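[1] My questions concern the predicted model and sequence given below.
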2 protein chains.
Amino acid sequence: MKRIDGGVCAAKGFTAGGVHCGVKAGSDPAKRDLALILSEKECAVGAVYTTNRVKAAPLYVTMEHLEDGTCRGVIANSGNANACAPRSHENALEMCTMAATATGLKAQDFVVASTGVIGQTIDLAPIQAGLPGLVKSLRADAAGSDAAAQAIMTTDTVKKEAAVELELGGKTVRLGAIAKGSGMIHPNMGTMLCFITTDCAITSAMLQEALHAVVKRTFNRVTVDGDTSTNDMCVVLANGMAENPQIEWADEDFDLFQAALMELCTALARAIAGDGEGASRLVTCTVSDARNEETAERLAKAVVGSALVKAAMFGADANWGRVLCAMGYSKAPFRPEYVDISFASAAGEIPVCKDGAGLAFDEDKAKQILTQDEVVIQVDLHEGDAAATCWGCDLTYDYVKINGDYRT
Amino acid sequence: MKRIDGGVCAAKGFTAGGVHCGVKAGSDPAKRDLALILSEKECAVGAVYTTNRVKAAPLYVTMEHLEDGTCRGVIANSGNANACAPRSHENALEMCTMAATATGLKAQDFVVASTGVIGQTIDLAPIQAGLPGLVKSLRADAAGSDAAAQAIMTTDTVKKEAAVELELGGKTVRLGAIAKGSGMIHPNMGTMLCFITTDCAITSAMLQEALHAVVKRTFNRVTVDGDTSTNDMCVVLANGMAENPQIEWADEDFDLFQAALMELCTALARAIAGDGEGASRLVTCTVSDARNEETAERLAKAVVGSALVKAAMFGADANWGRVLCAMGYSKAPFRPEYVDISFASAAGEIPVCKDGAGLAFDEDKAKQILTQDEVVIQVDLHEGDAAATCWGCDLTYDYVKINGDYRT
């Protein structure tokens, strides 16, 4: 397996594009806000959605459209979440109909997704007006994926794309993805928006199984602010054009495909955490030697989710007491008196807590380690051999600034 | 029942004081950091503690000392949490012995509590040196309670005290309390530090029952940052000197006593939320017409705990979509399509969401309502007749500033 360029256009038979159409009145004409991804052939499809009880209308429409396990493309907009507003459902359906008209496909062929402000009725006129130009702009190369990735960004500061290549049954198989996510990020089962394409030949059932296993260990281990969005969605489209022997059960090829999907989603999960709203650094917590993976995951998630740990990471303060405190209220079982904690980064590693009690350490060295772009909080439970890694970011003035007045 | 002055010295037979002794090396000599509360007579006692799996040593020592249901006083320090550090347990025991020596009582007569940085070994020398002066300074009036309240403050910006008076069996009974809490506030079963005194004659069992019922609906409904501390503790001491007929079961007098305790703790819970680290305003969420109280509480707590709602409140932004989103991920059952939301304050009330969808509203009026010192988010579920109120605060630049470098 190797990392390649091309995003959602890396796999055979996929085209993508993104344009500005003006979903949000008065928005910057340079900001793309409407994305389209199309497959030349019908795709097997897997999808996971937010577990928030309040789900945006596009999610319900997408669920209906994917009931037959197939689709042909994705239409997505930023600038309005199309959630909790009058006519949300009708508008999500209508977006698919518009995409179908512009492409000569059926409305049921489309996944539809929206991201932006909750509670305001979406204006479809700009979308209808923008679609013909968007269809014309579709490209099968990296530029097409780039444009689509830009079009789904909201408060994201960097575009999120990745692609990988592997061999299956003597054929080259590619997977690529675009994602967005910066605030209201605390995915659970589903995730922010992530669209994955692959030319792998695989059944919908196996695709769904791989996606579930991977999302659980990647996007669901990211938290920016503890707020699980109403619009989270992760969809994978597989059009089979790589002509590998179709993956129909959990054989060796399935394992290879799943490992590639894991590589892809891990890269995007890290990108989302590192680009958390206002974040100045990626904060990774790895809990090892746990009695089981679930325990390790709950502990690591509590650590990266703690407002106090996040603020300490912003201040490059080696305040490990907050790490242990967050573990303590996570409701996961562990013995505080066995716990070792250290901080690590490109600048080195420093142990700060052994057997649950503080160690004397060099504050200057700690500061140096904690001021890097990625900081790892390493926790050793000395209780077993399971481990989990979760990703988050620091809590900064900019997070407060961005969210103190996002809507207006 | 009426509100009175005097804090923990309001009830008969209690004295209190607070001095600076220098628990934290180099701390401001004007900042008191050692508090003592004493009762003339032996007290029945009730207590609740943090549910954090990592509990500070003073909590374990206090649990041991309260096993017989009685005590005579409280020794507490700020500047060091005496948690997760070598010799924590021995030091907590030693603090009680020192208090006993200085007062002529037994070590087992004392509740011991600490608040401050986690993970650093507490230096007892300043405490030993400060105790004789502290004992000499004890007073039975409001000034004594004030000094004790100041001595337990950390990042608190206002001292938290309250007292009430009621009649029981023809006798005047008083209850008073001091509390601290500003950051790492998300109490669960226990709470930050709160010491309550009363001259009511009541058994330890009934005292514990009243405290449990009240803490559940007051301190446990406050959240500042979602971080449940390792040191939370709420203790009530009852010395019986009001000479009311002893409360031994859940009779009418018990109900009156519990209502007074509720009044007292509600006032302190609101004070703690409003003085959340960096907070510029108190944010109250009331969920009404719920199918049961637990549902209402979970929903209200998710709303006041949401980083995005908190940031919107800081920006006085009527972003109700975040309120509904937070309710959605709370895991409490409700029907989004029945929900009404409005914002209220001293400046008026404005409905923003009806039947789960947005209403057009006057942004200027909303801004005016949301810029007050206390803002109430009112949620009506239209599903039943239960209700709950939770308290929090806004998320500000100052929260990040305070916690970006608290330890050093």
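    That came through fine.
[2] what sits against residue A:393?
    A:224, A:273-276, A:279-283, A:310, A:313 (CB atoms under 8 Å, 6 or more residues apart in numbering or on different chains). Bear in mind the C-beta positions are built from the backbone N, C-alpha and C, glycine included.
[3] Next, the closest residue to residue A:75 other than its chain neighbours: secondary structure please.
    Leaving aside its chain neighbours, residue A:75 sits nearest to residue A:99 (4.1 Å; criterion: CB to CB, 6 or more residues apart in numbering or on different chains). Secondary structure state of residue A:99, per DSSP: H, G, I helix; E, B strand; the rest coil, is helix.
[4] Does residue A:99 touch residue A:34 like I think?
    No: counting by CB atoms under 8 Å, residue A:99 stays clear of residue A:34, with 9.8 Å between them.
[5] shared neighbours, the two?
    Taking CB under 8 Å, 6+ apart as the contact rule, residue A:99 and residue A:34 both touch A:75, A:131.
[6] picking up where we left off before, the residue nearest to residue A:75 and residue B:14, how far apart?
    Note on residue A:99: its distance to residue B:14, by CB to CB, to the nearest Å, is 73 Å.
[7] Give me the neighbour count for residue A:309.
    28 (other CB atoms under 10 Å in any protein chain shown).
[8] and it, which of the three is it?
    Assignment for residue A:309 (three-state DSSP): helix.
[9] In terms of pLDDT, where does it sit?
    Listed pLDDT for residue A:309 reads 92.
[10] who touches it in this structure?
    Taking CB under 8 Å, 6+ apart, one finds A:283, A:303, A:319, A:322-323, A:326, A:377 in contact with residue A:309.
[11] what's whichever residue of the stretch 51-200 of chain A sits closest to chain B in contact with, if anything?
    Nearest to chain B, among the residues of the stretch 51-200 of chain A, is residue A:118, at 2.7 Å (CB to the nearest CB). Counting by CB under 8 Å, 6+ apart, residue A:118 touches A:56, A:81, A:83-85, A:230, B:321-322, B:324-325.
[12] Report the secondary structure element holding the residue lying closest to it once chain neighbours are set aside.
    Once flanking residues are discounted, residue A:118 sits nearest to residue B:321: 2.7 Å by CB to CB, 6+ apart. Taking DSSP states H and E as the definition, residue B:321 sits inside helix B:320-328.
[13] So for that helix, mean pLDDT?
    Averaged over helix B:320-328, pLDDT sits at 90.
[14] Spell out the residue ranges of the strands in the stretch 101-250 of chain A.
    A:110-115, A:160-168, A:171-180, A:193-198, A:233-238 (DSSP state E, counting those that start in this stretch).
[15] So which bits of the longest helix anywhere in chain A are buried?
    Counting by DSSP state H, the longest helix found in chain A is helix A:252-274. Within helix A:252-274, the residues that count as buried by 16 or more other CB atoms under 10 Å in any protein chain shown are A:253-254, A:256-258, A:260-274.
[16] how big is the angle separating the helix or strand of chain A with the lowest mean pLDDT from helix B:397-404?
    Ranked by mean pLDDT, DSSP states H and E, the weakest helix or strand in chain A is helix A:397-404, scoring a mean of 83. Computed by axes from the mean of the first three to the mean of the last three CA atoms, to 10 degrees, the angle separating helix A:397-404 from helix B:397-404 equals 150 degrees.
[17] Now do helix A:397-404: which elements does it pack against?
    Judged by 3 or more CB pairs under 8 Å, 6 or more residues apart in numbering or on different chains; DSSP states H and E, the packing partners of helix A:397-404 are helix B:307-314, helix B:397-404.
[18] buried set for the last one?
    If you call a residue buried by 16+ other CB under 10 Å, then helix B:397-404 has these buried ones: B:397-404.
[19] So which of the contacts of residue A:393 is the closest to residue A:146?
    The nearest member of these to residue A:146, counting by CB to CB, is residue A:275 at 16.0 Å.
[20] got the end-to-end distance for stretch A:19-26?
    Start-to-end span of stretch A:19-26 (CA to CA, to the nearest Å) is 15 Å.
[21] Could you do stretch A:151-171 as well?
    Stretch A:151-171 end-to-end distance (CA to CA) = 32 Å.
[22] starting at the chain centroid, how far to it?
    Chain-centre distance of stretch A:151-171: 11 Å, with CA atoms, centre = their mean, to the nearest Å.
[23] For chain B, tell me whether it is touching it.
    No: against chain B, stretch A:151-171 shows no contacts by CB under 8 Å from any CB of the partner chain, the least distance being 11.4 Å.
[24] distance of the residue lying closest to residue A:274 once chain neighbours are set aside from residue A:350?
    In space, and not counting its chain neighbours, residue A:274 is closest to residue A:282: 3.6 Å by CB to CB, 6+ apart. Counting by CB to CB, the gap from residue A:282 to residue A:350 is 18 Å.
[25] what do you get for residue A:195?
    Taking CB to CB, one finds residue A:195 at 40 Å from residue A:350.
[26] Who has more neighbours out of those two?
    Just comparing residue A:195 and residue A:350: by other CB under 10 Å the higher neighbour count belongs to residue A:195, 28 against 22.
[27] Just give me the neighbour total for residue A:69.
    Neighbours of residue A:69 using other CB under 10 Å come to 15.
[28] Apologies, that question was intended for residue A:56.
    Residue A:56 has 30 neighbouring residues, counting by other CB under 10 Å.
[29] ok, it - contacts?
    Per CB under 8 Å, 6+ apart, neighbours of residue A:56: A:81-84, A:88, A:92, A:114, A:118, A:230-231.
[30] try it again with 10 Å
    By CB atoms under 10 Å, 6 or more residues apart in numbering or on different chains, the residues touching residue A:56 are A:49-50, A:62, A:81-85, A:88-89, A:92, A:112-115, A:118, A:229-233, B:325.
[31] Buried ones among those?
    Counted by 16+ other CB under 10 Å, these give A:49-50, A:62, A:81-85, A:88, A:92, A:112-115, A:118, A:229-233, B:325 as buried.
[32] ok, which stretches of the stretch 301-408 of chain A are strands?
    So, for the stretch 301-408 of chain A - with DSSP E, counting those that start in this stretch - the strands run A:340-345, A:348-354, A:357-358, A:374-380, A:386-393.
[33] In TSV: those strands, plus mean pLDDT.
    Converted to TSV, the strands of the stretch 301-408 of chain A look like this (pLDDT from 0 to 100):
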stretch	mean pLDDT
strand A:340-345	97
strand A:348-354	95
strand A:357-358	90
strand A:374-380	97
strand A:386-393	93
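[34] out of the ones you listed, deepest packed?
    strand A:386-393 (a mean of 24; mean count of other CB atoms under 10 Å in any protein chain shown).
[35] Grab the CA positions of that strand and hand them over as PDB.
    The C-alpha atoms that make up strand A:386-393 are tabulated as PDB, following Å, rounded to 0.1, in the frame of the first residue of the first chain:
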ATOM      1  CA  ALA A 386      -4.800  -3.400  24.600                       C
ATOM      2  CA  ALA A 387      -4.300   0.200  23.300                       C
ATOM      3  CA  ALA A 388      -6.100   3.000  21.600                       C
ATOM      4  CA  THR A 389      -5.200   6.400  20.100                       C
ATOM      5  CA  CYS A 390      -7.600   9.400  20.000                       C
ATOM      6  CA  TRP A 391      -7.000  12.800  18.400                       C
ATOM      7  CA  GLY A 392      -8.000  16.300  19.500                       C
ATOM      8  CA  CYS A 393      -6.500  19.800  19.500                       C
END
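[36] now the angle between strand A:374-380 and that strand, please.
    150 degrees.
[37] pLDDT below threshold where in chain A?
    A:183-191, A:225-227, A:405-408 (pLDDT under 70).
[38] And it, what are its domain boundaries?
    A:2-274, A:282-404 (automatic domain parsing).
[39] So which of these is nearest residue B:365?
    Per CB to CB, nearest to residue B:365 of these: domain A:2-274, 17.2 Å.
[40] Give me the distance between the two termini of that closest one.
    Using CA to CA, the two ends of domain A:2-274 sit 22 Å apart.
[41] Could you dump the contacts of residue A:393 into CSV and include distance to residue B:367?
    CSV is the format used below for the contacts of residue A:393 (distance: CB to CB, whole Å):
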residue, distance to residue B:367
A:224, 27
A:273, 33
A:274, 34
A:275, 30
A:276, 28
A:279, 28
A:280, 30
A:281, 34
A:282, 36
A:283, 34
A:310, 29
A:313, 33
